[in-house]
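Trainee: Give me the fold of what follows.
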Amino acid sequence: MSDTVLNYEALPYRPCAGIMVLNRAGLVFVGRRKGGPEHVDATHVWQMPQGGIDEGEDPYTGALRELYEETNMTSVEKLGEIAEWIAYDIPRDIVGEAWQGRYRGQKQKWYALRFTGDDREIDVAHPGGGQHKPEFIDWRWVEMKALPDLVVPFKRASYEQVVKAFAHYA
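Mentor: Numbers count the residues shown, from 1 in each chain. Prediction:
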């Protein structure tokens with residue numbers, strides 16, 4: 001057992017932005033992850049866009065940057081945000097594989113955005129105008145209530161909080 005796992009509780013949370021993008025019909029964008037140590041089966045590989053906030057970066061600016069870097073989307077309007085940070089822990093057995101073992105999980109600042117563009121703008125194969133490596137291999141629009149059942153189990157409670165906070169936007 002590594003020192004990282006022994007000191008699991010002492011590890012910090014990685015600051016991150018999470019983005020719920022809703023289309024005009026009230027459906028939510030989810031991407032199918034390319035992979036990673038946290039993906040344990042074929043059902044729970046879907047998630048909303050999310051990513052690390054750079055040091056000194058405003059969380060909303062980071063959210064828009066991450067959205068573009070993962071989906072190519074720029075045609076969005078802010079609907080709302082969750083005031084508090086929502087944290088989740090990753091399983092102890094993968095802590096050394098994720099983020100080089102520096103974090104025990106993520107604390108996320110969540111934003112709800114309305115997608116105002118055309119679906120052709122979404123390009124998970126060439127995100128960020130082709131300047132970023134793809135993180136998703138597929139995408140789709142889903143009903144908001146389905147989100148907690150699509151994500152890896154250790155993120156489910158945080159997704160339930162996000163769905164509850166943003167349900168009125170659907």
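
Trainee: ok, so what distance separates Leu22 from Lys78?
Mentor: 11 Å (CB to CB, to the nearest Å). Yep, even glycine has a C-beta here, placed from its N, CA and C like the rest.

Trainee: Then Arg14?
Mentor: Distance from Arg14 to Lys78, by CB to CB: 23 Å.

Trainee: The two - which one has more neighbours?
Mentor: Between Arg14 and Lys78, counting by other CB atoms under 10 Å, Arg14 is the more crowded of the two (19 against 12).

Trainee: Show me what the more buried one bridges to in the sheet.
Mentor: Gln106 (DSSP bridges).

Trainee: Verify the contact between it and Gly101 for me.
Mentor: No - contact criterion CB atoms under 8 Å: Arg14 and Gly101 do not qualify, at 11.5 Å.

Trainee: the strands in this structure, which residues?
Mentor: 13-22, 28-33, 46-47, 50-52, 76-81, 86-89, 105-115, 136-142 (DSSP state E).

Trainee: any residues in contact with both of Leu22 and Lys78?
Mentor: Counting by CB atoms under 8 Å, 6 or more residues apart in numbering, the shared contacts of Leu22 and Lys78 are Ala112, Leu113.
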